[in-house]
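Student: need a 3D model of the following:
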Amino acid sequence: MTTAKSTARAARSSTLFRRAARAGYVVLGVVHVIIGALAVSIALGAGGDADQDGAMEQIRSTPIGGALLWCVAAGLAALAVWQIAAAVVAAAPDEAKRWGRRVTLLGAAVAYLVIAGMAAVYAVGGSADSEEATQTLSARVMSAPGGLVLIVLLGIGVIGVGVGFVVGGLRRVFEKTMDLPDGGARNGVVTLGVIGYIAKGVAVALTGALFVVAAWTQDPDKAAGLDAALHSLAALPLGRLALLLTGAGLAVYGVFCFARARLARM
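Tutor: Have a look, this model is predicted:
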């Protein structure tokens, strides 16, 4: 562990590595802005996939889409490695909090690596249907002994992550990881963070809820990811308004990521 910590500290002291990780926050922001815009368009009656797949398709459709996708992949991979290094050297007053922080950092790293891999697939001309992949995996898990329980636990875990985002936004926990400016600029960044965290939390929690519904109905097709979660929100009473606000909030989270790229303590 000492060698791993030394390596992690050396990596985190690299100016080039730090800049690459900050670029990761920028591309993460771009992805969220696109997903938010797609969600808003769905709320207004248009079609499209409001998830990572849809975001990658939108980026690829631009004249320099391939190059941009490689930038997304590289930036998110760098950010993921930074999170892993941070997990290795994580410090906290007690062991439980230390491991809790490590789990959070490693979970974020896995999410970034998944999106980075998806960007690489689209960059070389391929495609990835995360909705179909989620449904297929859910079906296989459900068919195994105890599979329904595992899907419920997974759904509850994802809901917990979503609730964590909402609570984190309300408590403004992101302030502890950023060097915020003074005055009105600080209030602006904090407002972006609060709105963005809450909207992202709602979207994540809805995704988790679909896993629970899939297990309850024994229908793996209901565990269909973010896009299905947002479409299900639109089907509720006043759902289109709720989807419109959630989509706008996801775009705000993207803008907050731009600010984090500049202000995050790294």
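
Student: residue contacts, Ile42?
Tutor: Neighbour list for Ile42: Gly48, Ala50, Leu230, His231, Ala234, Leu243, Gly247 [criterion: CB atoms under 8 Å, 6 or more residues apart in numbering]. To be clear about C-beta, it is placed using only N, CA and C from the backbone, and glycine gets the same treatment.

Student: tell me the buried residues in the helix or strand containing it?
Tutor: Assessed by DSSP states H and E, Ile42 sits inside helix 15-43. Within helix 15-43, the residues that count as buried by 16 or more other CB atoms under 10 Å are 17-18, 20-43.

Student: and the next helix or strand past it?
Tutor: helix 52-60.

Student: pLDDT at Gly45, what is it?
Tutor: Gly45 is assigned 83 on the pLDDT scale.

Student: what about stretch 185-196, average pLDDT?
Tutor: On average, stretch 185-196 scores 94.

Student: which residues sit against it?
Tutor: 32, 169-170, 172, 174-175, 178, 180-181, 249-250, 252-257, 259, 263.

Student: what subset of the residues you listed is buried?
Tutor: Buried residues within those, counting neighbours by 16+ other CB under 10 Å: 32, 169, 174, 178, 180, 249-250, 252-257, 259, 263.

Student: show only the entries of those found in helices.
Tutor: Counting by DSSP state H, those place His32, Gly169, Gly249, Leu250, Val252, Tyr253, Gly254, Val255, Phe256, Cys257, Ala259, Leu263 in helices.

Student: remind me which residues of the chain are low pLDDT?
Tutor: Along the chain, the model assigns pLDDT under 70 to residues 1-2, 4, 10-12, 90-96.

Student: next up, phi/psi of the one residue sitting closest to the centre of it, please.
Tutor: By CA atoms, centre = their mean, the chain has its centre lying nearest to Ala111, at 6.4 Å. With angles defined as degrees, to the nearest 10, Ala111 sits at phi -60, psi -40.

Student: roughly how far does it sit from Val30?
Tutor: 16 Å (CB to CB, to the nearest Å).

Student: mind listing the helices in the chain by residue range?
Tutor: 2-12, 15-43, 52-60, 65-88, 95-123, 130-143, 147-171, 183-217, 225-234, 239-263.

Student: now the last one: how far from the chain's centre is it?
Tutor: Taking the mean of its C-alpha atoms, helix 239-263 sits 12 Å from the chain's own mean (CA atoms, centre = their mean, to the nearest Å).

Student: now it against helix 183-217, angle please.
Tutor: 130 degrees (axes from the mean of the first three to the mean of the last three CA atoms, to 10 degrees).

Student: list the helices and strands helix 239-263 packs on?
Tutor: Packing partners of helix 239-263 (3 or more CB pairs under 8 Å, 6 or more residues apart in numbering; DSSP states H and E): helix 15-43, helix 183-217, helix 225-234.

Student: can I get those in CSV with distance to Trp82?
Tutor: Below are the helices and strands packed on helix 239-263 laid out as CSV (distance: least, CB to CB, whole Å):
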stretch, distance to Trp82
helix 15-43, 4
helix 183-217, 19
helix 225-234, 24
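
Student: and those: which comes nearest Val141?
Tutor: Val141 sits nearest to helix 183-217 of all the helices and strands packed on helix 239-263, at 9.2 Å, using CB to CB.

Student: what sits against Glu131?
Tutor: So Glu131 contacts Asp49, Asp51, Asp53, Ala224, Gly225, Asp227, Ala228 (CB under 8 Å, 6+ apart).

Student: now with 7 Å?
Tutor: Applying CB atoms under 7 Å, 6 or more residues apart in numbering, we find Glu131 in contact with Ala224, Gly225, Asp227, Ala228.

Student: Arg262 now?
Tutor: Arg262 touches nothing, counting by CB under 7 Å, 6+ apart.

Student: and for Val163, the neighbour number?
Tutor: 15 (other CB atoms under 10 Å).

Student: I'd say it and Gly201 touch.
Tutor: Yes - using CB atoms under 7 Å, Val163 is in contact with Gly201, at 6.5 Å.

Student: now find how far off-centre stretch 99-114 is within its chain.
Tutor: Centroid separation for stretch 99-114 versus its chain: 11 Å, with CA atoms, centre = their mean.
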